[in-house]
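Asker: Let me see the structure of the following:
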Amino acid sequence: MEHELRMGLSVWAIAAIVCNSAVGILILILFVILYKACKVPSRQKQPVLSLESDRSTVEQKYLLSAA
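Answerer: Okay, here's the model as predicted:
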């Protein structure tokens, strides 16, 4: 125990510092990925139609096919 105090930090303390640094870097990378993902808008294949115009289109197709 006396020998450890003379050396400064123990091996376990250095290992804990290294592990905490690695976790901190991984969290930083995660935040960068989340920031970039939230910045990019989601792509839609078709434009969003209102519900009312969608119903009228379906009714028109039905009327044309029923006639």
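Asker: helix/strand/coil for Pro41?
Answerer: Taking DSSP: H, G, I helix; E, B strand; the rest coil as the rule, one finds Pro41 in the coil state.
Asker: how about the helices of this protein, start to end?
Answerer: Under the criterion DSSP state H, helices of the chain are mapped to 2-7, 11-39, 51-66.
Asker: Mean confidence (pLDDT) on the last one, please.
Answerer: Taken as a whole, helix 51-66 carries a mean pLDDT of 64.
Asker: And for stretch 20-38?
Answerer: Stretch 20-38 comes out at a mean pLDDT of 96.
Asker: Just the CA atoms of that stretch, as PDB, please.
Answerer: Extracted in PDB, the C-alpha atoms of stretch 20-38 (Å, rounded to 0.1, in the frame of the first residue of the first chain):
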ATOM      1  CA  ASN A  20     -14.200   6.500 -18.900                       C
ATOM      2  CA  SER A  21     -12.400   8.400 -21.700                       C
ATOM      3  CA  ALA A  22     -13.400   5.800 -24.200                       C
ATOM      4  CA  VAL A  23     -17.000   5.900 -23.100                       C
ATOM      5  CA  GLY A  24     -17.000   9.700 -23.300                       C
ATOM      6  CA  ILE A  25     -15.700   9.500 -26.900                       C
ATOM      7  CA  LEU A  26     -18.400   7.000 -27.800                       C
ATOM      8  CA  ILE A  27     -21.100   9.300 -26.400                       C
ATOM      9  CA  LEU A  28     -19.700  12.200 -28.300                       C
ATOM     10  CA  ILE A  29     -19.800  10.200 -31.500                       C
ATOM     11  CA  LEU A  30     -23.400   9.200 -30.800                       C
ATOM     12  CA  PHE A  31     -24.400  12.800 -30.300                       C
ATOM     13  CA  VAL A  32     -22.700  13.800 -33.600                       C
ATOM     14  CA  ILE A  33     -24.600  11.000 -35.400                       C
ATOM     15  CA  LEU A  34     -27.900  12.000 -33.800                       C
ATOM     16  CA  TYR A  35     -27.300  15.600 -34.800                       C
ATOM     17  CA  LYS A  36     -26.600  14.700 -38.400                       C
ATOM     18  CA  ALA A  37     -29.600  12.400 -38.500                       C
ATOM     19  CA  CYS A  38     -32.000  15.000 -37.200                       C
END
